[in-house]
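Visitor: fold the following, please.
(one chain, ligands or ions: 1)
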Amino acid sequence: MALYTTDLLILGSGPAGYTAGIYAARAGIKVMIVSGNQEGGQLTMTASIENFPGFEDISGYELMDKMKQQAIKLGVEFVNDYIVEVDFSNRPFVCSSENGHSYKARAIIVATGSSAKWLNIESEKKYLGYGVSACATCDGFFYRGRTVAVIGGGNSAVAEALYLATLADKVILVHRRNQLRADKILQDRVLNNKKIVVEWNSVVEEILGQDEPKKVTGIKIKNVETDVVKEVALDGVFVAVGHKPNTDIFKGNLVLDSKGYIVTHENSSQTDVDGVFAAGDVKDPKYKQAVISAGSGAMAAMDAVEFLDNE
Ligand code: NAP
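Guide: Below you'll find the predicted structure:
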């Protein structure tokens, strides 16, 4: 059990966390990043990124690794750990980790991002890891030449469907409305991809499977316009129905909005606690883009440096 002390502690290692680290280190502040349970954050699960300026096409893993190396080169201390409790009532602030380590800091940037949401049906839990997944880049490989479904109609769902279409024989995109929410360019790619069929106005009632060996064998979907229920045989189900902010440990410590996002002052990354700042998806219910998270991380670092300089 170690006690770490730093000027600025950054919680989270996505684009917001690394960018905040890069900016703060360049300002001469002693900075430490605690990775969270998924080093590099959600983006490491994205196979191909085409909208981060400067990179025509780069994998999420590679982009995040580049950010990490840049931060370390500039002097950021990086620790692979997961914070489970925070105490923002006194300064220095204290964060405690699942490994029993304590981190004390004069200022904090919360950049803990968001996590995938689930359908919350019983059969989804039953077959999680046995044909049900929320990560095509992680698990798509197992479905080479098979049939899979992707649930959802946003950017994540269509990106997953397009990626899976490079591996699977057939991808069924199940969307609860008759219009996709995803960016037009991705929608066009999905609708023009011969391997992808869309089940419009449809919700998943049940994921079907067998016990020995345990695996998914199909889905039962209901058309919400006609109420017709049908079973579709397939091998895997990828759930991509949105994200929720990773703010459970901040309940009671920071002001959150009704959906759990951290509330910051207008045009600032300052939370309701002086010296605690927030950046990236954890405070962004709307844009949720890597480039915006990175910009938000830069803002938070500038706010935190100003706060520390003014002390
Ligand atoms: P999202 O944009 O909120 O889309 C969630 C999708 O899931 C919506 O189509 C929604 O349907 C559907 N949905 C939600 N709950 C459902 C349920 N219980 N059952 C069935 N369907 C359900 O979330 P996201 O796709 O995860 O994207 C999150 C953010 O990341 C967005 O801002 C997105 O732009 C961004 N992102 C960007 C990229 C990129 O730029 N390439 C890639 C991935 C993600 P409705 O449409 O009916 O609401």
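
Visitor: residue 239 is in contact with residue 133, isn't it?
Guide: Yes. If you go by C-beta atoms under 8 Å, residue 239 and residue 133 touch, sitting 7.4 Å apart. Glycine gets a C-beta too; all of them are placed from N, C-alpha and C.

Visitor: those two: which has the busier surroundings?
Guide: Legend: neighbour count by other C-beta atoms under 10 Å for residue 239 and residue 133, higher for residue 239 (27 against 24).

Visitor: from residue 135, how far out is the more buried one?
Guide: 10 Å (C-beta to C-beta, to the nearest Å).

Visitor: what does residue 232 give?
Guide: For residue 232 relative to residue 135 (C-beta to C-beta), the value is 21 Å.

Visitor: and for residue 220?
Guide: As for residue 220, its distance to residue 135 is 23 Å (criterion: C-beta to C-beta).

Visitor: helix, strand or coil for the spatially closest residue to residue 18 that is not a sequence neighbour?
Guide: Spatial nearest neighbour of residue 18, chain neighbours left out: residue 67 (3.7 Å); criterion: C-beta to C-beta, 6 or more residues apart in numbering. When classified by DSSP: H, G, I helix; E, B strand; the rest coil, residue 67 comes out as helix.

Visitor: what's around residue 67, how many residues?
Guide: Using other C-beta under 10 Å, residue 67 has 24 other residues around it.

Visitor: could you measure from it over to residue 120?
Guide: Distance from residue 67 to residue 120, counting by C-beta to C-beta: 33 Å.

Visitor: can you pull the phi/psi pair for residue 51?
Guide: Dihedral angles of residue 51 (phi, psi; degrees, to the nearest 10) stand at phi -120, psi 20.

Visitor: so what's it up against?
Guide: Applying C-beta atoms under 8 Å, 6 or more residues apart in numbering to residue 51 gives the contacts 289-291.

Visitor: ok, which of those also contact the ligand?
Guide: Applying C-beta under 6 Å from any ligand atom, the subset of those adjacent to the ligand comprises residue 289.

Visitor: wait, isn't residue 297 in contact with residue 279?
Guide: Yes. Between residue 297 and residue 279 there is a contact under C-beta under 8 Å: 4.5 Å.

Visitor: list residues touching both of the two?
Guide: By C-beta under 8 Å, 6+ apart, the residues touching both residue 297 and residue 279 are 16-17, 19-20, 109, 111.

Visitor: output the contacting helices and strands for the longest helix seen in the chain.
Guide: Looking across the chain with DSSP state H, the single longest helix is helix 290-309. Counting contacts by 3 or more C-beta pairs under 8 Å, 6 or more residues apart in numbering; DSSP states H and E, helix 290-309 packs against strand 3-11, helix 15-26, strand 102-110, strand 276-278.
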